[in-house]
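[1] Model the following, please.
(3 chains)
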Amino acid sequence: MLDRRDFLTSTAAAVPLICSVGGKTYDVSTAREVDEADAAAAKTARPAAKAAQSEFPTPEPAPGGQVREYWIQARSKRWDIAPKKVDEWMKNRITGRTKFRAFVYQLMSSGFADPIGRATMPGPTLEAEVGDLLVVHFRNADTRLNQAVTMHPHGVKYNPEYDGAYMGDYTRAGGFIAPGEEFTYRWECTLGSVGVWPYHDHGPNHTLNTMRGLFGAVIVRPKGAAKPDVEQVLMMQSFAPQVTRLPRLFQAVNGRSGAGNTPTVTASVGQDVAFHVMGFDSNFHTFHIHGHRWKDPTGTFVDNPGFGPNETVTARFEEDNPGRWLWHCHVFSHQDAGMAGWYVVN
Amino acid sequence: MLDRRDFLTSTAAAVPLICSVGGKTYDVSTAREVDEADAAAAKTARPAAKAAQSEFPTPEPAPGGQVREYWIQARSKRWDIAPKKVDEWMKNRITGRTKFRAFVYQLMSSGFADPIGRATMPGPTLEAEVGDLLVVHFRNADTRLNQAVTMHPHGVKYNPEYDGAYMGDYTRAGGFIAPGEEFTYRWECTLGSVGVWPYHDHGPNHTLNTMRGLFGAVIVRPKGAAKPDVEQVLMMQSFAPQVTRLPRLFQAVNGRSGAGNTPTVTASVGQDVAFHVMGFDSNFHTFHIHGHRWKDPTGTFVDNPGFGPNETVTARFEEDNPGRWLWHCHVFSHQDAGMAGWYVVN
Amino acid sequence: MLDRRDFLTSTAAAVPLICSVGGKTYDVSTAREVDEADAAAAKTARPAAKAAQSEFPTPEPAPGGQVREYWIQARSKRWDIAPKKVDEWMKNRITGRTKFRAFVYQLMSSGFADPIGRATMPGPTLEAEVGDLLVVHFRNADTRLNQAVTMHPHGVKYNPEYDGAYMGDYTRAGGFIAPGEEFTYRWECTLGSVGVWPYHDHGPNHTLNTMRGLFGAVIVRPKGAAKPDVEQVLMMQSFAPQVTRLPRLFQAVNGRSGAGNTPTVTASVGQDVAFHVMGFDSNFHTFHIHGHRWKDPTGTFVDNPGFGPNETVTARFEEDNPGRWLWHCHVFSHQDAGMAGWYVVN
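    As a prediction, this is how the structure comes out:
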């Protein structure tokens, strides 16, 4: 299914993966090294400092703000990067295996009673307004990879207890959630939190587990602000073959590769449309929509702004141009490997 | 002329090329794979949807606007990346072959009667004002590569018929111009089109053919706006050795590599000077001019802003500093491989 | 200590190094090629044009401005990339050798009488206000590498004599300072110079010598502007193994790799804090501080802006969040290879 040359060139085309885990730095260029890094992550000891009592006051909503409560679990699951087996843009057959063991955040009902819908990549979008408190009950429900994971958010305010980052001996409670454990994060939505931000795993094996799918978005709006009529989060990242064990590199959006597999966004003329686009790998990307332009934060019209990992660009405009349009990253090697999709305007 | 080690390291230093063409995704890391991708492009069938009648009204200029008419053909031609055989910056001899078969847009007189000047890289700069309609008569005049190509513009407004993008079964008329065929694009210059934008091939083999030189610029100014006294478009991209068959990677600006080969821009103190710089490969770049600073769109002074593929940065300032200056991309491996030139102020 | 596979994968993960020096372009992927480039640099002839008398008036401070005088020498020295032998973030032991021959700018007392403190990476931060003249007495004090080096500043204004750039036959006096030689640069701080900028070697072997540590920062403030209470310059770059002869690639900040080795920044609640972050290699980077957000120049809140080589991003905010926080580049392969550090707020 995969000849050696293709595998090597695919790997070469992938982002180099360097992982520091279990006391060692790995150049993770082969599947065997991924196994080693995973084994090291599984053996990572609970940090001594973790049990320390917090000296920080418990965050509460600002006056007039609400508690926005979410129940989210992390688990690994089989994931199909290209369920349609085709990239409709280039009429490109996607041959060979396309499923791998992903690691995803899944929205649950209160008390982790039941899943709400299927687990997705990205995980559930958390929404709040300025003054609100995001209360996220998180459970590491994975039974396969045996590794501590976390939720680390951008944009919102938190004290160190709720940072969700493994930091060796300086790790706080929310930074090491072992399989079977739960933790409740409390994140404040301040004036400076307005925007669209990523959240992601920041545990001991964050580079591999983020690539596997442990990422999502937080949207904080000004108090009372209207939502756009159409709002789409797009997360651009790559699936390196050494991690997926698949025969090629896939450039993906929301965990899927190739137009028809990635989200087909639909809107109508006159609607207020917003795309929020973030990167989740070690590359920079751009976001281009055919037939459209919009103002960037400087007031300049753009149609293809660039951004780095965990940066966000928002394309927001009043829709005025009906048709079937492509959106894609304009890094040539990314668009041709699947980082593209459809936008259909009626 | 080329030992294996040098070729491999040059290739490793090149941008990885991934092409989706003819129903397959290629990791194009060797000249043989380029041949395969070209052969697949030559066999790409005319999309079934192409013949469909348009349901869109024909675009016209806004009231008070003009039709700006261009006649442009695409053809392959021998191109010398370094005609002076030297990089004057580092006094660096450029040894070995420097010519390859490029693919370029060429400005023609009305009715494709005659070429206007020599074919250049980038192609002709299209200029218009807000309210104007760009009418671009395009002909695929190539007789060698036997592939459909297109013109896809950024910034301007167009309906799907004039998008100039191959989209498999969803391709419209302007998205597949086979050798010998002609097509007329009609692009509207709206308020949101003000700026400097790229145009480029978006046909079935766009990644290879864009790298070969099928790119140019569109400048849309506010109605009645003055042109700068000196205005220079600079397009930064790389020529991968597997595509050019040349013994090394060249980092290029406007298709040329090394100071003395790239444009030497000249100005005088007191003049209004504008450089419009775009990227046309899979890398990010920066644009630095020695001895100069200018305001970016936020009003911050900069002298080395970064940008991704098909993004534009403009450096515009009143000239106040006589001398011979370098301009260059500040990615170290790019500047040393030729992405630099002279700016001479009297 | 280093098996071949590890060395190759480390190298592959490094930035490709292309150096144009001594009349030739090198793909510097091995230590032997670094030696060749160094030997070529040592043989680079003094440019003929260097002796030419300047036709430019000698720069002076603007009325009311001051002369800000610095004495700086360049020399190579042994440098430890990871003196603590650990990355405290991931509790990652840094095994193997971590010292190499660096090339650094060192602050001296008047007349080059004595070193002021130890030589550091980055070199001394030059500070001035609008209207001032920076007068930098520079000496190439290196006795090992036998190469001409320079100081080339961004942001400030200078005439070609003080550009500090080797330009082959067009080199001016400040662009080729051979071992044992001295040169005095005169740089004007204009209104457009306000900001934080890099300076660095721009001599005949600038790519290698900048990677070895020949870089620093210039800060120009508006007349009378207050300094932040806490101000930290962070310079992100990578040490390629072919240059350092060390067994792995190190991603570094201020010449050090891994939290605990890189600067631990401290501040208190209520203080005015500024981080100025620049890139000094061929990669793009981002700057993320956990638990913090700040306004970018558009007024948008960010917590992880991206930037290219020799671009600056400033994170400035009133401190409001006590704790031990991570700051890091969010390119996954960079953060895990050491591009991270601590920020401790009391």
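
[2] Next to chain B, which bits of the stretch 201-346 of chain A? Give me the list.
    Listed as neighbours of chain B in the stretch 201-346 of chain A under the rule C-beta under 8 Å from any C-beta of the partner chain: A:248-249, A:251, A:284-286, A:288, A:290-291, A:293-296, A:298-306, A:321-326, A:330-334, A:336-337. From N, CA and C alone the C-beta is placed, and that goes for glycine too.

[3] Go through those and flag which are in helices.
    The helices, defined by DSSP state H, take in A:332-334 from those.

[4] in the stretch 151-300 of chain A, which spans are helices?
    A:206-211, A:241-244 (DSSP state H, counting those that start in this stretch).

[5] got a list of contacts for the longest one?
    Defining contact as C-beta atoms under 8 Å, 6 or more residues apart in numbering or on different chains, one finds that helix A:206-211 is touched by A:17-19, A:28, A:34, A:37-38, A:41, A:103, A:145, A:147, A:149, A:166, A:200-201, A:203, A:237-240, A:243, A:280-281, C:332-333, C:336.

[6] chain center to it: distance?
    Taking C-alpha atoms, centre = their mean, to the nearest Å, the mean C-alpha location of helix A:206-211 is offset from the chain mean by 10 Å.

[7] Can you select the buried ones from the residues of the stretch 201-346 of chain A next to chain B in ChimeraX?
    To isolate the buried members of these in ChimeraX, using 16 or more other C-beta atoms under 10 Å in any protein chain shown:
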select /A:248,249,251,284,285,286,288,290,291,293,294,300,301,302,303,304,305,306,321,322,323,324,325,326,330,331,332,333,334,336,337
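
[8] among the residues of the stretch 201-346 of chain A next to chain B, which are in reach of chain C?
    Counting by C-beta under 8 Å from any C-beta, the members of those near chain C are A:284, A:296, A:298, A:306.

[9] re earlier: closest one of the ones in helices among the residues of the stretch 201-346 of chain A next to chain B to chain C?
    Taking C-beta to the nearest C-beta as the measure, residue A:334 is the one of these closest to chain C, at 14.6 Å.

[10] How about the contacts made by the residue nearest to that closest one when sequence neighbours are not counted?
    In space, and not counting its chain neighbours, residue A:334 is closest to residue A:251: 4.5 Å by C-beta to C-beta, 6 or more residues apart in numbering or on different chains. By C-beta under 8 Å, 6+ apart, the contact list for residue A:251 reads A:236, A:238, A:257, A:329, A:333-335, A:337-339, B:18.

[11] Quick check: strands, which of the contacts of helix A:206-211 are part of them?
    A:18-19, A:103, A:200, A:237-239 (DSSP state E).

[12] follow-up on the earlier one: would you mind finding the most buried of the helices of the stretch 151-300 of chain A?
    helix A:206-211 (a mean of 26; mean count of other C-beta atoms under 10 Å in any protein chain shown).

[13] quick one: average pLDDT of it?
    Helix A:206-211 shows a mean pLDDT of 96.

[14] Over to stretch A:85-100?
    94.

[15] got the buried residues for that stretch?
    For stretch A:85-100, burial by neighbour count (16+ other C-beta under 10 Å) applies to A:86-92, A:94, A:97-98, A:100.

[16] now swap in stretch A:229-237 and tell me
    For stretch A:229-237, a neighbour-count test (16+ other C-beta under 10 Å) marks A:230-237 as buried.

[17] hmm, back to that, which of the contacts of residue A:251 sits closest to chain C?
    Checking these against chain C with C-beta to the nearest C-beta, the nearest one is residue A:238 at 10.7 Å.

[18] which residues does that closest one form a beta bridge with?
    Judged by DSSP bridges, the bridge partners of residue A:238 are residue A:251.

[19] doesn't residue A:249 make contact with it?
    Yes. Counting by C-beta atoms under 8 Å, residue A:238 touches residue A:249, with 6.3 Å between them.

[20] so what's the residue of the stretch 151-300 of chain A at minimum distance from chain B up against?
    Using C-beta to the nearest C-beta, the single residue of the stretch 151-300 of chain A nearest to chain B is residue A:298, 3.8 Å away. Going by C-beta under 8 Å, 6+ apart, residue A:298 touches B:296-298, C:298.

[21] So, low pLDDT: which residues of chain A?
    Residue ranges of chain A with pLDDT under 70: A:1-15, A:49-53.

[22] Find the residue at the geometric middle of it.
    residue A:215 (2.8 Å; C-alpha atoms, centre = their mean).

[23] Not counting sequence-adjacent ones, nearest residue to that residue?
    Closest residue to residue A:215 apart from its sequence neighbours, by C-beta to C-beta, 6+ apart: residue A:200 at 4.2 Å.

[24] Residues in a beta bridge with that neighbour, which ones?
    Assessed by DSSP bridges, residue A:200 has beta-bridge partners residue A:152, residue A:215.

[25] That one against residue A:218, yeah?
    No. The criterion here is C-beta under 8 Å, and residue A:200 misses it with residue A:218 at 10.6 Å.

[26] Tell me which helix or strand comes right after whichever strand or helix holds residue A:128, heading toward the C-terminus.
    Using DSSP states H and E, the secondary-structure element containing residue A:128 is strand A:126-129. Per DSSP H and E, the first helix or strand lying C-terminal to strand A:126-129 is strand A:133-140.
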